[in-house]
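Participant: Test case, fold it:
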Amino acid sequence: MMARKIILAAIVAMAGAMAPLRAQPAPEWLEAIAPGFDTVVRDPVEYRRLADKFSEGVVWMSARDCAIVYWGFPLQPGFTPEVSGESDMMRAIMAEDYTAAYTLGVEILRHSPVNLTALYWTLFAATETRQSWEVRNSLRGRYNNLTQIISLSGDGTSPPTAFRVVWESDMYSYTMLELELEIGDGFLWDDRWTEFEVTPGAKFNHKSIFYEQWGRR
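Facilitator: Okay, the predicted model is just below:
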């Protein structure tokens, strides 16, 4: 639990709001994962169909469909970069108030259903509060779907092959929770790529990891 609290403190202290979105065609890396991305995200009916499928907690979802839902989310009307309640949820977990954390997590996922950080900690709180198997399986499926497509977006070893995420907090969550790396100083390159110093580990054997925060100008 102590290691989790250290990770939580890092996310609370360092995560911030995302920069404004850019309006331009999908880059090659995204088109490779999700052919037809631009067409679907501009079709509110088709995008909503895929988003509802994701939110229903389908255990397995194709990489293409999941990528469209995740990276298409910031391009939808009404998107705001701030994730309301995220810090409160993590503070509740640090205080071991898992009932409050679960309630906050569920509310966050109502308006930010593809937030990786919220999915992980809501699943953690759901486990601690003994929510039903169906609830936990749904959360786990959504989390796994997102980590799969983030891993497909690059290898994280250089700016051109950076991992791509939507929220800044997702960088920290993916680095520390999924790759199980100790994270150090961070640097922003060309207002586009973020480089973190990390301690090499079994899942990522490099001293620096790179991210591109989707939509950053």
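Participant: State the distance from the spatially most central residue of the chain to residue 62.
Facilitator: With distances taken as Cα atoms, centre = their mean, the residue of the chain nearest its centroid is residue 116 (3.1 Å). Distance of residue 116 to residue 62, given as Cβ to Cβ, to the nearest Å: 18 Å. For every residue, glycine as well, the C-beta is placed using N, CA and C.
Participant: and if you look at residue 133?
Facilitator: To residue 62, residue 133 is 24 Å away according to Cβ to Cβ.
Participant: and those two? which has more neighbours close in?
Facilitator: Neighbour count, other Cβ atoms under 10 Å: between residue 133 and residue 62, residue 62 has more, with 13 against 8.
Participant: so what's that one scoring on pLDDT?
Facilitator: pLDDT for residue 62: 93.
Participant: now residue 21
Facilitator: Model confidence at residue 21, given as pLDDT, is 47.
Participant: isn't residue 168 right next to residue 212, touching?
Facilitator: No: counting by Cβ atoms under 8 Å, residue 168 does not reach residue 212; the two are 11.6 Å apart.
Participant: Is there a neighbour count for residue 160? I'd like the number.
Facilitator: By the criterion of other Cβ under 10 Å, residue 160 has 10 neighbours.
Participant: Can you give me every residue that contacts it?
Facilitator: residue 154 (Cβ atoms under 8 Å, 6 or more residues apart in numbering).
Participant: In a helix, it, correct?
Facilitator: Yes: per DSSP: H, G, I helix; E, B strand; the rest coil, residue 160 lies within a helix segment.
Participant: begin at 604 from here
Facilitator: In the new count, where the first residue is 604, that last one comes out as residue 763.
Participant: For it, give its distance to residue 633.
Facilitator: Residue 763 is 14 Å from residue 633, by Cβ to Cβ.
Participant: Tell me the secondary structure of the closest residue to residue 714 other than its chain neighbours, please.
Facilitator: Using Cβ to Cβ, 6 or more residues apart in numbering and skipping residues adjacent in sequence, the residue nearest residue 714 is residue 687, 7.1 Å away. Recorded secondary structure, residue 687: coil (three-state DSSP).
Participant: Surely residue 687 is in contact with residue 711?
Facilitator: Yes: between residue 687 and residue 711 there is a contact under Cβ under 8 Å: 7.2 Å.
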